[in-house]
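> need the 3D shape of this:
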Amino acid sequence: MKNGSFAEAVRSTLIAEMEELRSEVRKVGEGLTDEQLWRRPLEQSNSIGHLMLHLCGNLNHFVGAQLGHTAYVREREREFTESNFPSRAQLFEQLDNAVATFRRVVGQLTEEQMLAPHPSERFGTVLKALVHIVSHFALHRGQMSYIVRLVGT
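This next block holds a predicted model:
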C-alpha cells in the first residue's frame with residue numbers, strides 16, 4: 001500500500017458515508033409537508049426538522065469549529081427547541097452546508113491529524129470522533145424513518 005493511501009481510503013470512506021446519509025435525510029424531509037417536518041409525534045420527542053438542526057449543529061461544532069476552525073458557535077439546546085422554523089429551503093441548505101464542511105475538513109486531514117487527539121477529549125482521536133459523528137448521523141437518520149411513520153405520511 002502506498003504511503004498515505006490508507007489515510008485517503010479512510011477520508012473518502014467517511015465522506016462517502018456522510019454524503020449518502022445526507023441524501024437519505026434529504027429524501028425523508030422532501031417527502032413531508034412543512035407541518036409533518038416540524039411535528040413532534042410525542043410531546044417529549046423530536047421532530048424531523050429539529051433532528052436536522054441537531055445534525056447540522058453537531059457537524060458544524062465538532063468538525064467545522066473544532067477541526068476546521070470555522071468559528072461556529074453552537075446553541076445545542078436551540079437545535080431541539082427552535083420554534084421560529086427555518087423554511088424548507090433554508091433547512092436543506094443548512095444540512096448541505098454542514099455536510100460540505102464535513103467533506104472539506106475531513107478531506108484535508110492528514111494521517112497524523114486523524115490519529116491526534118480530538119479537541120473534545122471524550123472522543124479520543126480525531127478518527128474515533130469522525131467514526132462517532134458518522135454513526136451519530138446514522139442513528140438520527142434511523143429515528144427519522146420511525147418518526148415518518150408516526151407523523152402520518
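> make it CA atoms for all contacts and neighbour counts henceforth
Noted.
> OK, contacts around A98?
Going by Cα atoms under 8 Å, 6 or more residues apart in numbering, A98 touches 56-57, 59-60, 64.
> most neighbours among these, which one is it?
N60 (28 neighbours; other Cα atoms under 10 Å).
> could you report the distance from S135 to L150?
Going from S135 to L150 by Cα to Cα, to the nearest Å gives 23 Å.
> nope, Q36 is what I meant
10 Å.
> so between the two, which is more surrounded?
More crowded of Q36 and L150, by other Cα under 10 Å: Q36, with 20 against 14.
> other residues contacting the one helix or strand that one maps to?
Assigned by DSSP states H and E, Q36 belongs to helix 34-38. Residues from elsewhere that reach helix 34-38 (Cα under 8 Å, 6+ apart): 29, 47-50, 85, 88, 151-153.
> what subset of those is buried?
Among the contacts of helix 34-38, those classed as buried by 16 or more other Cα atoms under 10 Å are 29, 47-50, 151.
> and the residue most central in space within the chain, what is it in contact with?
Geometric centre of the chain, nearest residue: L55, 3.7 Å, by Cα atoms, centre = their mean. The contact partners of L55, by Cα under 8 Å, 6+ apart, come to 95, 137, 140.
> looking at the residues you listed, which one is closest to L14?
Ranked by distance to L14 (Cα to Cα), these are led by F137 at 11.7 Å.
> and the helices in the protein, which stretches?
Secondary structure of the chain, counting by DSSP state H: helices at 5-30, 34-38, 48-59, 66-68, 76-81, 88-108, 111-115, 126-151.
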